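Chemist: Sequence below, structure please.
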Amino acid sequence: MRLAHAALLMLAAGLATPVEAACDVKAAKIEETIARKGELQEAANKQTVRDLRTLRDAAIVLESYSYVTECERVLEIVKTLAADPEKTIEKGDTDEEKAESQQEARKPKPAVEPAAPAKPK
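Modeler: Numbering: from 1, shown residues only. Model prediction:
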């Protein structure tokens, strides 16, 4: 019984396992980093910038579904990639034709209506 009381007191005092803090995408300042990096402003690197923003958006989605650890990991990746654009551009696949194909694949497709049942003869 004393242990239960001690646990309750710790919870009340905030001394128990800390609740995970939200993944702070805004504080990561991804857009500000993109704006500061000259290499990312070049037209040839549009795909890299799109990729960074896609990953940032993925972090937002992960956080909204309470995947805080995963959100933080994705943010770390984005910050690492954005911090060294030259290395990121060298490593990345920035083929614009491939990028356009991927963009097309992302577009929502219209729902397919189920086939109507055959009419009896």
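
Chemist: Roughly how far does residue 49 sit from residue 61?
Modeler: Per C-beta to C-beta, to the nearest Å, residue 49 is found 19 Å from residue 61. (C-beta placed from N, C-alpha, C; glycine too.)

Chemist: more crowded one of these two?
Modeler: Using other C-beta atoms under 10 Å as the criterion, residue 49 and residue 61 rank with residue 49 on top: 17 against 12.

Chemist: after the worst-scoring helix or strand of the chain on mean pLDDT comes which helix or strand?
Modeler: None of the helices or strands of the chain scores lower by mean pLDDT, DSSP states H and E than helix 2-13, at a mean of 42. Scanning forward in sequence from helix 2-13 by DSSP states H and E, the next helix or strand is helix 25-28.

Chemist: List of residues touching that following helix?
Modeler: Counting by C-beta atoms under 8 Å, 6 or more residues apart in numbering, helix 25-28 makes contact with 56, 59-60, 63, 71, 75, 78-79, all of which sit outside it.

Chemist: I'd like those residues laid out as TSV, including neighbour count and pLDDT.
Modeler: As requested, these are exported to TSV (neighbours: other C-beta atoms under 10 Å; pLDDT from 0 to 100):
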residue	neighbour count	pLDDT
56	19	96
59	25	97
60	14	96
63	19	96
71	22	97
75	23	96
78	23	96
79	16	95
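
Chemist: among these, which are in helices?
Modeler: Under the assignment DSSP state H, the contacts of helix 25-28 contribute 56, 59-60, 63, 71, 75, 78-79 to helices.
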